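> I'd like to go over a predicted model; first the sequence, then the structure.
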Amino acid sequence: MDFDAVITGDRRVVARFSEWPKEIHDGLYERIKKLTDELYGRVRALAPEKSGDLKNEIISRIFDDPEKIKGMVTLADKLPRSEYIKAAALEYGSHRSVKVRKYQRTIAEAFGRDISPTSIDVSAYSRMADVEARLFLRGGLAGMEEQAVAELTAVMDEKLKE
């Protein structure tokens, strides 16, 4: 029987088989679910929290395919493109010029004095984005690799002895 426990990409723990052994499926599924839940908690704990939106967009999934069980922690599907761009800037950092579109703003204070609310137009401009990498997705997995492989191997050893 060919068995391989690996960490793939930045956020995945995968157990692969050349032939799926029915007798160990449940044990591996439960262990991968537990590891994925732990990774999910770690990623959410590391996610920057300004509005809380990013934490709500983080999801975990378990895939139970004929040849592998896969646990994954990632961003939710079907988010607006801008949400993925913001998450990528936080995960990997961003040090580039960003164009800001024109917009309207309401002001109620000028030169330190209260004024009646007035709407003003702000022209389009460019600014330098200087976002340091926060490593919330990749950082959650850091240090779990050896633990995950050890736990999956332990399940295999235990089930093969039975």
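Thanks, I have it.

> Surely Val73 and Ala45 touch.
No. Contact criterion CB atoms under 8 Å: Val73 and Ala45 do not qualify, at 11.8 Å. (Each C-beta comes from the backbone N, C-alpha and C, glycine too.)

> For the two, indicate the residue with more neighbours.
More crowded of Val73 and Ala45, by other CB atoms under 10 Å: Val73, with 24 against 12.

> What segments of this protein are strands?
With DSSP state E as the criterion, the chain has strands at 3-8, 12-17, 58-64, 68-75, 94-100, 103-110, 113-122, 125-131.

> Identify whichever of those strands lies nearest to Met156.
Nearest to Met156 among the strands of the chain is strand 3-8; the distance by CB to CB comes to 5.9 Å.

> Now the common contact residues for Val73 and Ala45.
Common contacts of Val73 and Ala45 (CB atoms under 8 Å, 6 or more residues apart in numbering): Gly140.

> Surely Glu38 touches Leu141?
No. Under the criterion of CB under 8 Å, Glu38 makes no contact with Leu141, lying 10.3 Å away.

> Against which helices or strands is the longest helix seen in the chain packed?
As assigned by DSSP state H, the longest helix anywhere in the chain is helix 22-46. On a contact count with 3 or more CB pairs under 8 Å, 6 or more residues apart in numbering; DSSP states H and E, helix 22-46 meets strand 12-17, strand 58-64, strand 68-75, helix 136-141, helix 145-161.
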